[in-house]
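Q: Give me the fold of what follows.
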Amino acid sequence: MRTKFVRWFQQNAIAVFLSIAFVAVYIAKEIKPEINDMLGACSLRFINGEYYRWFTCSFLHYGLYHLLGNIAGLLAVGSLISPLIGKWKTLFFFFASDFLGGITFSWIVSSAEPSYGGGASGGIFALIAALIVCYLRFPEQFKFKWYRADVLITIVYFFVANDNWSSVLTHMFGFSYGIVLSFVFVVLRLIKVLCNQIENTDMVG
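A: Got it, this is the predicted structure:
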C-alpha cells in the first residue's frame, strides 16, 4: 500500500503541489482579501496591462466548496493523465489552456466595474480533454477499471462543476484549448505513452 501511494505521489506530483499552492493562496486571501484584486482575472476593459492575471487567477478560489472541489478534480484527473504523458506535459496543458481560456473569457465578458475572478477549473477541464484525446489515440493503455475512485471523481467533477454560466464558459474554453493542444501534440508525436500497464499506478481503486 505504501509503495503504491509513493508511486502515485511521484507520478501525480504536479497535481499535489498545485493543490498545496491553491490552499496556501486561499489561506492568504482569507487573511488579506485584497489579494483577490491583485491576482484575479478581469475583462480586457480593466486589465490595464496586468496580463499576469491570466496566470495567477488559477490559484484563486472562493469558498471551501470551490477549493476542495477543484483539488479533488485535479488530483483525480492528474492521477489518470500524468502516468500517460508525464508531469511536465501535464503542467503545460493545465497552465497553457487555463491561460488561453482566461484571455478568451476576458475578451468576451465585459462589465461596468472591475470583477476579479479565478479558479483552476479551466485547466482541469483541459486535462480532462487531454485524457480523452489520449484515450482515442492510445486505447490499449486504458486498462484500469471504470469504477476506480479517481475515474468516478473525474466523471462527477465534469458534470457537477458546471453550476453557473460563468463556470460553463470557463470550462468550455479550457476544454476546447485542451483538445486542440493535446491533439497537436499527438499529431506531432510529442506525446508518448510512458507506461505499459496503467493499472499498476492504481492509487485509490
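
Q: Let me see the backbone angles for K32.
A: phi -130, psi 90 (degrees, to the nearest 10).

Q: To clarify, my last question referred to A41.
A: Dihedral angles (degrees, to the nearest 10) for A41: phi -80, psi 160.

Q: give the contact list for it.
A: R53, W54, C57, G102, F105, S106, Y116, G117, G118 (Cβ atoms under 8 Å, 6 or more residues apart in numbering). C-betas here are computed from N, CA, C, even on glycine.

Q: The closest residue to V109 other than its chain neighbours and L127, how far apart?
A: Closest residue to V109 apart from its sequence neighbours, by Cβ to Cβ, 6 or more residues apart in numbering: S43 at 5.4 Å. Distance of S43 to L127, computed by Cβ to Cβ, to the nearest Å: 26 Å.

Q: of these two, who's got more company?
A: L127 (31 against 18; other Cβ atoms under 10 Å).

Q: Mind checking what secondary structure the more buried one has?
A: helix (DSSP: H, G, I helix; E, B strand; the rest coil).

Q: I figured S19 was touching I71, is that so?
A: Yes: counting by Cβ atoms under 8 Å, I71 is a contact partner of S19 at 4.5 Å.

Q: sorry, back to before: among the contacts of A41, which one is most surrounded by other residues?
A: Going by other Cβ under 10 Å, G102 tops the contacts of A41 with 27 neighbours.

Q: related to what we said a few turns ago, possible to save the contacts of A41 as CSV with pLDDT, secondary structure and distance to K29?
A: Output for the contacts of A41, formatted as CSV (pLDDT from 0 to 100; DSSP: H, G, I helix; E, B strand; the rest coil; distance: Cβ to Cβ, whole Å):
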residue, pLDDT, secondary structure, distance to K29
R53, 91, helix, 14
W54, 92, helix, 18
C57, 92, helix, 12
G102, 87, helix, 18
F105, 84, helix, 20
S106, 86, helix, 20
Y116, 78, coil, 11
G117, 80, strand, 13
G118, 87, coil, 9
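
Q: about what we covered before: common neighbours of S19 and I71, please.
A: By Cβ under 8 Å, 6+ apart, no residue touches both S19 and I71.

Q: Quick check: which element contains the residue nearest to the spatial centre of the chain?
A: For the chain, the residue nearest the mean C-alpha position is I124 (2.1 Å; Cα atoms, centre = their mean). Element membership of I124 [criterion: DSSP states H and E] is helix 121-137.

Q: Good, we can wrap up now.
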